[in-house]
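> sequence and predicted model, in that order:
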Amino acid sequence: MDHVNHTWTQSFILTGFTLSGTLRPLAFLGALCIYLLTLAGNLFIIVLVQADSGLATPMYFFISVLSFLELWYVSTTVPLLLHSLLHGRTSISPVACFLQLYVFHSLGMTECYLLGVMALDRYLAICRPLHYHALMSRRVQLWLAGASWVAGFSAALVPASLTATLPFCLREVTHYFCDLAPVMRLACVDTGWHDQVDGAVIGVATGCNFVFILGLYGGILRAVLKLPSAASRAKAFSTCSSHMTVVALFYASAFTVYVSSPGSRPEGADKCIALVYALLTPFLNPIIYTLRNKEVKEAVKRVAERIRTILKGP
């Protein structure tokens, strides 16, 4: 108990990245540009879906929910990254550290569930087209989106609470934010049991959803191959390609970091891999969902025309 009390009165030190004087401002500007573009891209999707009735479909509703999540997800860690790139080592209180750990993992697990919901939406649209609108009513959309958030924030309580109750003897977190494995390395005791519990909780959340998504896309593939024309098959595949790309990016990084044992990776590897799932993926998601998407391009044209009409006046 003395160790625990001592820990909660001491600040942690985030070591961040060790960069030379010339690389530091370039890295800061690069990260800042990506962060601002990420915020702008996800806000663009949210506003566009709300502004254009042509995008008032379950698929774009869930995409806008994902964009809303990405705004919070990227903002949980990138400000600390920017601070560390400018000032080097950063001090953070234990309360702020564990709160960040919890929120970050809650949002990550919420995204995991949300990607499963989006796969279900595509499955119903392609494999149950006659019943799609009845099965995916507005009430069901809201329920599925809300359930994803509740499940994500509930599941993340386990690894966050287990980590927060550990006794810590060290203070330097070899990361630019409070992630699970780097913080657990500071513990005074063996964390093997905690690693197993955390791996089981996160593994079930990611693994079961991944199997669920693969099963749904297996059904989609069978249904698409039965379509009579090549044009129909191409259209069906195009509606799923963006989501499959996002799933691949998300799960590749999630399995690398959270399903494998933290002790199996070098200490500095976590913060490098984190740049992929905490910064690059939220940046790419708006691009993936809008690039080569005819419906989005047409919606942009309609909204732009409405804005021009308003500006011209009567």
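Yep, that arrived.

> would you list every one of the helices in the chain?
Remark: helices assigned in the chain by DSSP state H are 2-7, 23-51, 58-87, 94-127, 132-135, 138-155, 157-164, 180-184, 192-225, 230-254, 269-275, 281-290, 294-312.

> contacts for stretch 65-72 next, please.
The set of residues that contact stretch 65-72 without belonging to it, under C-beta atoms under 8 Å, 6 or more residues apart in numbering, is 38-39, 41-43, 45-46, 103, 107, 110-111, 114-115, 118, 145, 148, 282, 285-286. Every C-beta, even on glycine, is put in place using the N, C-alpha and C of the backbone.

> swap that for stretch 34-42, please
For stretch 34-42, the external contacting residues (C-beta under 8 Å, 6+ apart) are 67-68, 70-71, 74-75, 78, 82, 279-280, 282-283, 285-287, 290.

> okay, now the unreliable bits of this structure?
Counting by pLDDT under 70, the chain contains low-confidence residues at 1-9, 257-268, 292, 313-314.

> that older thread, TSV for the helices of the chain, including distance to L14 and mean neighbour count?
Listed next are the helices of the chain as TSV, based on distance: least, C-beta to C-beta, whole Å; neighbours: other C-beta atoms under 10 Å:
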stretch	distance to L14	mean neighbour count
helix 2-7	16	13
helix 23-51	15	16
helix 58-87	6	21
helix 94-127	8	21
helix 132-135	46	13
helix 138-155	24	16
helix 157-164	16	18
helix 180-184	9	24
helix 192-225	20	16
helix 230-254	20	16
helix 269-275	9	18
helix 281-290	20	21
helix 294-312	38	12
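
> including distance to G16, could these go into JSON lines?
Listed next are the helices of the chain as JSON lines, based on distance: least, C-beta to C-beta, whole Å:
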{"stretch": "helix 2-7", "distance to G16": "21"}
{"stretch": "helix 23-51", "distance to G16": "10"}
{"stretch": "helix 58-87", "distance to G16": "3"}
{"stretch": "helix 94-127", "distance to G16": "14"}
{"stretch": "helix 132-135", "distance to G16": "48"}
{"stretch": "helix 138-155", "distance to G16": "27"}
{"stretch": "helix 157-164", "distance to G16": "20"}
{"stretch": "helix 180-184", "distance to G16": "11"}
{"stretch": "helix 192-225", "distance to G16": "24"}
{"stretch": "helix 230-254", "distance to G16": "20"}
{"stretch": "helix 269-275", "distance to G16": "8"}
{"stretch": "helix 281-290", "distance to G16": "20"}
{"stretch": "helix 294-312", "distance to G16": "37"}
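
> and stretch 126-142, how far out from the chain's middle?
Remark: stretch 126-142 is offset 25 Å from the chain centroid, using C-alpha atoms, centre = their mean, to the nearest Å.

> same check, this time on stretch 77-89
In this view, stretch 77-89 has its centroid 20 Å away from the chain centroid, taken as C-alpha atoms, centre = their mean.

> ditto for stretch 17-28
Stretch 17-28 has its average C-alpha position 26 Å from the chain's average C-alpha position, going by C-alpha atoms, centre = their mean.
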